[in-house]
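Visitor: based on what follows, work out the 3D shape:
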Amino acid sequence: MLGSLQDAEELVQETLLRAWQRREEVRASSALRAWLYQIATNACLDQLVKTRRRRRALPHLVAASSTSAQIGPPVAEQWWVEPAPDFLLEPADEARRWPDERASRRESIGLAFITALQVLSPKQRAALLLIDVLGWTPQQTAALLETSLVSVNSLLQRARKSVEARNDAAEATQLSSIDSALLGRFISAWEGGDVQAFTALLAADALFSMPPQPEWYEGREAIGQFFGAIWAKLPGDRRLLPLAANGGLGVAVYNRPTTANAVFQATGITLVGLREGQVSRIIRFGIPKLFPLFGLRLQLESD
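Guide: Predicted coordinates:
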């Protein structure tokens, strides 16, 4: 999700989120804390202003939905927002937070929120992250950005409206045992290639995308038809391992071909969005190099 430091389009949120994670180290000195944030923010703003790279997104934001199971060549990976494991994004004291504050933190690392950030101007992005994610006051933010309080409030208001218009606020941010059970049925249906059971778990307006492929599918029927065609076309065994990413649930997907002595090979990290007891969003990142980031091996031995 956060990418490398060379990607100017994501430098602001990466640097500020990392600084937030280490806030305990600088809490004793407010002057040092302010200085660190000012250095990080100004460096990020300079990069964003100087570098006019394509903003990262997800397929459903840049192309029309697909109707055929035929998929074309992948698009360069640097076009897409990517996932990150929760253990890189959540502080050690997260378990001691109040439930409402924990929910707010989960939203701030959600893939939908990170994607929505991409449409903001550099200063809107900085104001939103500093105030809504890092807990700075508008007065502190105005001083850091060397602008007026009126300007900061205007930046924040426009940023919030833009993010809310693109964010999936209806998706669950507090996960329960029911959600875990739903994920278990999702895994069983995928591993077993049971299209009927898989489709029954989907919301009627579910979305499925698979970066770096630009194709994406909308609706229970279209998604079910795609998976049915792919599973029939690519026989073999599948193994899914549950994981936590971007404040939500996900799975690591391994495939094993039918050839003799074959092992399970990493194929994709898949994020699963839930809403009212159904799967509302599936984002499968077919980028095996993401597996080590989640502490996962690229191969699994056969049973």
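
Visitor: make it CA atoms for all contacts and neighbour counts henceforth
Guide: Noted.

Visitor: and stretch 274-290, what's buried?
Guide: 274-275, 278-288, 290 (16 or more other Cα atoms under 10 Å).

Visitor: swap in stretch 136-144?
Guide: 138, 140-142, 144.

Visitor: tell me which of those is nearest to Thr41?
Guide: Checking these against Thr41 with Cα to Cα, the nearest one is Leu144 at 8.3 Å.

Visitor: by contact count, what packs against the helix or strand containing that closest one?
Guide: Secondary structure from DSSP states H and E places Leu144 in helix 138-145. Helix 138-145 sits against helix 30-50, helix 149-166, with contacts defined as 3 or more Cα pairs under 8 Å, 6 or more residues apart in numbering; DSSP states H and E.

Visitor: please redo it, this time with the cut-off set to 6 Å
Guide: Taking 3 or more Cα pairs under 6 Å, 6 or more residues apart in numbering; DSSP states H and E as the contact definition, helix 138-145 has no neighbouring helices or strands.

Visitor: what's the angle between that helix and helix 149-166?
Guide: 100 degrees (axes from the mean of the first three to the mean of the last three Cα atoms, to 10 degrees).

Visitor: quick check: mean pLDDT across helix 138-145?
Guide: Averaged across helix 138-145, the pLDDT comes to 90.

Visitor: what does it contact?
Guide: With contact meaning Cα atoms under 6 Å, 6 or more residues apart in numbering, helix 138-145 is reached by 38, 148-149, 152.

Visitor: if we take the buried residues of stretch 274-290, which one ends up nearest to Ala260?
Guide: Nearest to Ala260 out of the buried residues of stretch 274-290 is Pro288 (Cα to Cα; 22.5 Å).

Visitor: looking at the spatially most central residue of the chain now. What's its pLDDT?
Guide: The centroid of the chain falls nearest to Leu111 when counting by Cα atoms, centre = their mean (2.6 Å). Taken from the predicted model, the pLDDT recorded for Leu111 is 72.

Visitor: ok, for it, nearest residue in space, not its chain neighbours?
Guide: When the adjacent residues along the chain are set aside, Leu111 lies closest to Asn246, with 5.9 Å between them (Cα to Cα, 6 or more residues apart in numbering).

Visitor: likewise Ser151?
Guide: Distances taken as Cα to Cα, 6+ apart place Ala142 nearest to Ser151, at 7.8 Å, with adjacent residues excluded.

Visitor: likewise for Leu271?
Guide: With sequence-adjacent residues excluded and distances taken as Cα to Cα, 6+ apart, Leu271 is closest to Gly250, at 4.2 Å.
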